[in-house]
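Participant: Task: produce atomic coordinates for the following.
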Amino acid sequence: MAAFACVAIGAGCGGDGQEQPPPDLSGVWAGAWQGTDPSAGGLGLVSGTWEVEITQGASSASGPAELLGDVDCMDGQMQTNADAQSAVTGMVARAPCAMVNWTLTALNLAEGSASGSWDNSGTGGGGTLSGTRIARPDGPRIKFVHPPGAKPGAIVTVSGSRLTAPVAGNGLVFNFSPQPTLQFADATRIVARVPSVVSSGPVKVTTAVDVALSPRPFNTDVISPPVVPGGSSAPGIAPAALATSPDGRKFYVADRGNSTVRVVRTSTLLNLTTASVVGIPRSVAASPDGKRIYVASAGVGVLVMDAANAFGLDTIALASINDGGRDNPQGLAVSPDGTLLLVSEGADGGSVRLFRIADKLELRRFSFATGTAPLGVAFSPDGERVYIAAAKLAAATAGTLEVFGVADGLPVDSAAVGVLPTALAVTPDGNLVHITNKDSGTVSIYNTQTLAVESTVTVGAGPTGIAISPDGARVYVANSLSNSVSVYDALTGLEAAGSPLGVGSQPIAVAINPLGTTAYISNVMTSPLVVEIGGMRTLTIARGGSGIGTVRSNIPGIDCGTQCLAQYPVGTSVTLITAPDINSSFSGWSGDAGCGSVVMLNASLNCVASFSSNAPPPSQSTPPSNCFIATAAHGSDMAEDVMTLRRFRDGTLMRWAAGREFVRLYYRHSPALADYIRERDALRATVRWSLWPLVLAIRHPALVIASALVMLLLVPGWRRARRTR
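Facilitator: Have a look, this model is predicted:
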């Protein structure tokens, strides 16, 4: 019984009646927001994620803030109201957009969690927010993980700051699954493969200084888009290139017919904004942090644009971008850590330039002779190599795949492929590169380990754009001259059921949602649409009320938390499990008709789970708290064992009346024990050791049950052996 007591956690320990300092919010916090936007031309229900780096002062806190999702301006500055002693309130200034005001309605500093409300004075919108502390001041910080989801064996890049020297063994953990083998690690990035046994959840980095969590969960439940038709977006004139945002909430369209860039909301396929640009946009790429899009514009260069509103921020001048009328939807690539930009000029005898994004400095130039045009480009998943589709412009002449090292710019390989290679895509594990050969009607598959083209797949006529699903299972090819999309197995080349799929007129670009639920195809002729493949329905969860709580789905997708939007096939039944915080209770469902603990996704749904706080609202005089025995023993609320116990509390104990009562009873008596343990190193070690069997049982219940069964089977034999002595 004593072990189970350690699953509980409190907020508000201590307090001797004297005036207390303001709550210590210092560090990096990240979470989700949701609500409504009733302004003219508003979006209706809106949602997204937020992040803020807080510096704590004597009477207030402030720091740079970032909003992603359905927003007009993403960058801002957060400031608490120093004179508001009755509540923790503040604002986020986002010039030139309207200010967002917020109020915390619940705060659990011991657990590093908070919830509250917000309102936008400019749009009249408002809603709720929730968040978690993911990094401590001066400790390591994870800014993003790229890709945001993948299967075991895929190569990922963890980007951040102060990541130097992760501790041996468990320095990098994917939701409780450590990856001790790192391909690369320094202060700003860690490169490693997803462990062989893993589930969706946060990525954690532990250094000698402290612990950091990823701002959003890493999703291992990625899939391949079903080969069925979906909807379509509003028409342009000649949409020529596509890219998706890392959170999957938006995709970007470069329209070469009317020189515009469109930002489209994936859940509704409606335009969020359209921006006119200089020149003729030919290629588009999104930064892995979700903040920028890059557009290659013929005769101008690379346009750097805000990913929320497509506002022009900067230009990398490069007038030599000119593809001579050839399709080049993938002539841009951003490195996995977001620091480098690869730009294909696309011209006869042109070059591919490698720029450092921070200062626009050209680091490398890969030049080609007259008669050769460099078209599609890509980085390897570890960011160490560059792949270039080099098209020979003489009729019926095979092109090549050119491979270069990023660090030294030296050639690694040159492999013959088909005629007019146009675009390429790399599998998540980095082992294969697929190259479309437009004038051959084929895709060449290049093995990066053997440095050889190992097979060729016949697709439709005029293959141009290509994308590989995030699970690495399937390849999607836009056949511009047969008005179709071919889908085949990434390893075997065998065509998938339902392929080829008709999509419109002259499809030339493909982009896939980072979770793999949906693909998007741009058509440049006759019916200038962006067509969706996948036939999915979107479930959006918002959290309302004054309390703290999480919502998770019984099948992968929702972990809200931070993953509050997911797509499922039509007709999917999803059970939603609510877990209130220790000082909160679940108070009910609202939203669209059909919202509840079980939803049937015959249509997209927006559902609101409300939690009520059972404690007074936090104030500027709320003292810090750290009542959790496991937290005191481990010294951090982000320790792996603490997170395991917390999940057991939320997912098991708090779901039953007896469990909730037990947790509350423990909370009443735990602060003194936690304080006593915290100051004694030997006792802290003893508590950690005593908690280990419980943590093991929670993480591996099947192993514990199997061990118990083995013991039961052995006992009769042991008794017989004793009787025969």
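Participant: Outline the domain layout of the protein.
Facilitator: 1-20+623-715, 27-135, 141-209, 229-534 (automatic domain parsing).
Participant: show me where pLDDT drops low in the stretch 551-700 of the chain?
Facilitator: 619-640, 643, 646-647, 649-657, 659-679, 681, 684, 692, 699-700 (pLDDT under 70).
Participant: In contact with the closest residue to Pro195 other than its chain neighbours, which residues are there?
Facilitator: Using Cβ to Cβ, 6 or more residues apart in numbering and skipping the chain neighbours, the partner closest in space to Pro195 is Ser177 (4.3 Å). Glycine gets a C-beta too; all of them are placed from N, C-alpha and C. For Ser177, the contact set (Cβ atoms under 8 Å, 6 or more residues apart in numbering) comprises 195, 197-199.
Participant: Kindly report the same for Tyr446.
Facilitator: 401, 415, 417, 432-435, 452-454.
Participant: Name the member of those with the most neighbours.
Facilitator: Ile435 (30 neighbours; other Cβ atoms under 10 Å).
Participant: what does the model give it for pLDDT?
Facilitator: Ile435 carries a pLDDT value of 98.
Participant: All the strands of the stretch 251-400 of the chain, in order from the start?
Facilitator: Counting by DSSP state E, counting those that start in this stretch, one finds strands in the stretch 251-400 of the chain at the ranges 260-265, 270-276, 280-286, 292-298, 301-306, 312-317, 332-334, 340-344, 351-356, 361-367, 372-379, 385-392, 398-405.
Participant: Can you tell me which of these is nearest to Ile237?
Facilitator: Ile237 lies closest, by Cβ to Cβ, to one member of the strands of the stretch 251-400 of the chain: strand 260-265, at 8.3 Å.
Participant: spatially speaking, which residue is in the middle of the chain?
Facilitator: In the chain, the residue lying closest to the centroid (Cα atoms, centre = their mean) is Pro148, at 3.7 Å.
Participant: from memory it sits against Pro246, does it?
Facilitator: Yes - at 5.3 Å, Pro148 and Pro246 qualify as touching, with contact defined as Cβ atoms under 8 Å.
Participant: can you count the residues close to Pro96?
Facilitator: Using other Cβ under 10 Å: Pro96 sits among 7 other residues.
Participant: how about it, phi and psi?
Facilitator: Dihedral angles of Pro96 (phi, psi; degrees, to the nearest 10) stand at phi -90, psi 10.
Participant: got the contact list for the residue lying closest to it once chain neighbours are set aside?
Facilitator: Spatial nearest neighbour of Pro96, chain neighbours left out: Cys73 (7.1 Å); criterion: Cβ to Cβ, 6+ apart. Residues counted as contacts of Cys73 (Cβ under 8 Å, 6+ apart) are 67, 94-97, 306, 308-309.
Participant: Make a markdown table out of those residues and add distance to Gly502.
Facilitator: What follows is these, written out as a markdown table (distance: Cβ to Cβ, whole Å):
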| residue | distance to Gly502 |
| --- | --- |
| Leu67 | 39 |
| Arg94 | 43 |
| Ala95 | 47 |
| Pro96 | 44 |
| Cys97 | 41 |
| Asp306 | 35 |
| Ala308 | 34 |
| Asn309 | 34 |
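Participant: can you map out the strands along the stretch 501-650 of the chain?
Facilitator: 501-502, 507-512, 519-523, 530-533, 536-544, 549-553, 559-560, 565-569, 572-580, 584-591, 598-601, 605-613.
Participant: looking at the ones you listed, which is closest to Thr181?
Facilitator: strand 559-560 (26.8 Å).
Participant: coming back round to it: now the two most distant members of the contacts of Tyr446.
Facilitator: Largest pairwise distance in the contacts of Tyr446, by Cβ to Cβ, is 14.2 Å, between His434 and Ala452.
Participant: Type out the PyMOL command that picks the buried ones from the contacts of Ser177.
Facilitator: The buried residues among those can be selected in PyMOL (16 or more other Cβ atoms under 10 Å) with this line:
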select buried, resi 195+198
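Participant: want to throw the contacts of Ser177 into CSV with distance to Ile466?
Facilitator: Output for these, formatted as CSV (distance: Cβ to Cβ, whole Å):
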residue, distance to Ile466
Pro195, 28
Val197, 31
Val198, 28
Ser199, 30
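Participant: Please flag which of the contacts of Ser177 sit within helices.
Facilitator: Among the contacts of Ser177, DSSP state H puts none in helices.
Participant: Specify which member of the contacts of Ser177 is nearest to Ser486.
Facilitator: In terms of Cβ to Cβ, no member of the contacts of Ser177 lies closer to Ser486 than Val198, at 31.1 Å.
Participant: Okay, that closest one and Ser159: tell me how far apart.
Facilitator: According to Cβ to Cβ, to the nearest Å, Val198 stands 19 Å off from Ser159.
Participant: if we can go back for a sec, what distance do you get for the residue nearest to Pro96 to Ser276?
Facilitator: Cys73 is 19 Å from Ser276, by Cβ to Cβ.
Participant: what does Gly596 give?
Facilitator: From Gly596 to Ser276 the distance is 45 Å (Cβ to Cβ).
Participant: again, but for Leu683
Facilitator: Leu683 is 67 Å from Ser276, by Cβ to Cβ.
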